[in-house]
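Trainee: Would you be able to build a 3D model of this:
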Amino acid sequence: MKPPAPAAVGALLALALLALTHLPPAPEHSLLPLPASAPPAPPREAAAPLSAGQAHRRGLPVPRTRLQQEQAPGRGRRRRGLERDVPHIPPWLSADDLQKMWLLSSGQVVSKSRVPAHGQIMRVRLRAEGDVLPASPEGDCQDGRCGLIKRPGDLYEVLAFHLDRVLGLNRSLPAVARRFSSRLLPYSYTDGALRPIIWWAPDLQHLQDANNDQNSCALGWLQYQEMLQPHRAMPVARDTPCSSIPRREWSRLALFDFLLQVHDRLDRYCCGFQPDPSEPCVEEMLHEKCRNPAELVLVHILVRRSAPSRLVFIDNAGRPQHPEEKLNFRLLQGIGSFPAAAVARLRSGRLQSLLLQSLRLDRELWESQGGAEGLRPLLQTIDRRAQILLRHIQEHNLTVFEDSLR
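Mentor: Now for the predicted structure:
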């Protein structure tokens, strides 16, 4: 066969090049199958269960739906750890709550500092996506961009925050569960364990006394009981410590602490139940002081300078395993009424389902505890305590008060 002329070959090459230039471009992110030898992804380390002895169980995936724009600050940003796509945002979480939760769950750690007398707590400064770093990242956190990283065993604080919001108390500081990987943190904070991080309120009011700096005012048990007396128009004289805190604030605190069995505020001496020998109140010989009520003081009684009449609930990692037969009713002593909205929610029979709806937003906590199935025993414990509290209210003819100011 006669070979083609050089001119014909040139024409064919030109046509081939022209055809290649008109082919559609290859996609930027082609989905290629992994080689058969690719190792599987390492399993995620499970967090310690919120309730001791509970087996870790993986829950079903959470349904995902786009948040409404007005409820999702920072729309379009990916927030690992805090679920941005849920059926709907629970109405008890405010826009301010969501902003702080997203800062805590995904903010970059830019500095750290120890908290005096709290060796296992780290205060960190966070940089949210899109923020401009301040001139000095070692600032005093007055701009509200800091959080406290606490121990893995304090994960109960995250549940406590959601309980506070579900009940409409709105006295706890925002909290989320998170794993940390920042090189600024010690290894014990970056070993894959899930830890709670609590928003740092920049204007908490502390006493100048180094031995009593976890209070905004010094208050003894007998003085506290006097403040609760209903015959007073004001709890105590204006020049008395804590005089700006109305009786209704103590009612909110007592209800919250009873459900969680937090003893450290109102009964750090464990006078309201028989403690085990391993309890800190026994090891530190505090329980012996119960024989002299004049020696008993309240701890973690804090307010913010911007709202001196509203208590701030901190250190809310109560006792999920505290036995029902040892419930501390001393936490309710002197309380004559409770907030109507919170009591109505306890009576509704929906407390567990509402808490599950709220906790789904914290995806790290949700997955680590095995979803609804894994959290159910813990929520049942809180629900049983709620029924006991309702029975206490009925048996003692206690009243409720409407709460227009939150």
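
Trainee: use CA for all of it now, contacts and neighbours both
Mentor: Fine.

Trainee: where in this protein is pLDDT low?
Mentor: 1-49, 51-87, 117-119, 133-139, 208-213, 231-241, 404-406 (pLDDT under 70).

Trainee: which residues of it fall in helices?
Mentor: 6-21, 95-106, 156-166, 221-227, 247-260, 280-283, 340-347, 351-359, 363-368, 371-395 (DSSP state H).

Trainee: Reformat the ones you listed as TSV; add mean neighbour count and distance to residue 319.
Mentor: Listed next are the helices of the chain as TSV, based on neighbours: other C-alpha atoms under 10 Å; distance: least, C-alpha to C-alpha, whole Å:
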stretch	mean neighbour count	distance to residue 319
helix 6-21	10	70
helix 95-106	21	24
helix 156-166	24	8
helix 221-227	16	22
helix 247-260	22	6
helix 280-283	16	13
helix 340-347	17	19
helix 351-359	19	17
helix 363-368	24	18
helix 371-395	17	10
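
Trainee: Relative to residue 177, which of these is closest?
Mentor: Closest of the helices of the chain to residue 177 is helix 363-368, at 5.6 Å (criterion: C-alpha to C-alpha).

Trainee: list the contacts for residue 400?
Mentor: 337, 338, 339, 340, 343 (C-alpha atoms under 8 Å, 6 or more residues apart in numbering).

Trainee: can you rerun that using 6 Å?
Mentor: Residues counted as contacts of residue 400 (C-alpha atoms under 6 Å, 6 or more residues apart in numbering) are 337, 338, 339, 340.

Trainee: thinking the last one is in contact with residue 398, fair?
Mentor: When you say that, I think you mean residue 340. No: Residue 340 is beyond contact range of residue 398, at 11.3 Å (criterion: C-alpha atoms under 6 Å).

Trainee: picking up where we left off before, any chance of the helices of the chain in CSV, plus distance to residue 314?
Mentor: Shown next, in CSV, are the helices of the chain (distance: least, C-alpha to C-alpha, whole Å):
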stretch, distance to residue 314
helix 6-21, 67
helix 95-106, 16
helix 156-166, 9
helix 221-227, 19
helix 247-260, 11
helix 280-283, 19
helix 340-347, 19
helix 351-359, 19
helix 363-368, 19
helix 371-395, 19
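
Trainee: right, and those - which one's nearest residue 316?
Mentor: helix 156-166 (5.2 Å).

Trainee: what sits up against that closest one?
Mentor: Residues contacting helix 156-166 (C-alpha under 6 Å, 6+ apart): 92, 170, 172, 175, 176, 316, 317.

Trainee: which one among those gets closest to residue 205?
Mentor: residue 172 (15.1 Å).

Trainee: how near is the closest one to residue 222?
Mentor: Distance from residue 172 to residue 222, counting by C-alpha to C-alpha, to the nearest Å: 26 Å.

Trainee: got it, and residue 258?
Mentor: Taking C-alpha to C-alpha, one finds residue 258 at 20 Å from residue 222.

Trainee: next one: residue 101
Mentor: In terms of C-alpha to C-alpha, residue 101 sits 38 Å off from residue 222.

Trainee: same question, residue 228
Mentor: 10 Å.

Trainee: With adjacent residues omitted, what lies nearest to residue 112?
Mentor: The shortest distance from residue 112 to any non-neighbouring residue, by C-alpha to C-alpha, 6 or more residues apart in numbering, is to residue 124 (4.3 Å).

Trainee: quick one, what contacts that neighbour?
Mentor: Contacts of residue 124 (C-alpha under 6 Å, 6+ apart): 111, 112, 146, 147.

Trainee: And these, which is closest to residue 298?
Mentor: residue 147 (24.9 Å).

Trainee: how about the closest one, what does it touch?
Mentor: 123, 124, 198, 199, 200.

Trainee: Let me have those in JSON lines, adding distance to residue 274 as columns.
Mentor: JSON lines is the format used below for the contacts of residue 147 (distance: C-alpha to C-alpha, whole Å):
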{"residue": "123", "distance to residue 274": "35"}
{"residue": "124", "distance to residue 274": "38"}
{"residue": "198", "distance to residue 274": "31"}
{"residue": "199", "distance to residue 274": "34"}
{"residue": "200", "distance to residue 274": "34"}
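
Trainee: any idea which strand is longest in this protein?
Mentor: Ranked by residue count and defined by DSSP state E, the top strand of the chain is strand 118-127.

Trainee: do you know how far residue 374 is from residue 367?
Mentor: 9 Å.

Trainee: wait, residue 153
Mentor: Distance from residue 153 to residue 367, by C-alpha to C-alpha: 17 Å.

Trainee: now do residue 125
Mentor: Residue 125 is 26 Å from residue 367, by C-alpha to C-alpha.

Trainee: Likewise for residue 158?
Mentor: Taking C-alpha to C-alpha, one finds residue 158 at 14 Å from residue 367.

Trainee: ok, now residue 190?
Mentor: Residue 190 is 19 Å from residue 367, by C-alpha to C-alpha.

Trainee: tally of neighbours for residue 187?
Mentor: 12 (other C-alpha atoms under 10 Å).

Trainee: cool, residue 203 as well?
Mentor: For residue 203, using other C-alpha under 10 Å, the count is 14.

Trainee: tell me the contacts of it?
Mentor: Contacts of residue 203 by C-alpha under 6 Å, 6+ apart are 304, 305.

Trainee: isn't residue 338 right next to residue 249, touching?
Mentor: No: using C-alpha under 6 Å, residue 338 is not in contact with residue 249; the gap is 9.5 Å.

Trainee: Give the full set of residues in contact with residue 108.
Mentor: 126, 127.

Trainee: beta partners of it?
Mentor: Under DSSP bridges, the beta-bridge partners of residue 108 are residue 127.

Trainee: The one 5 residues further on too?
Mentor: On DSSP bridges, the residues paired with residue 113 through beta bridges are residue 123.
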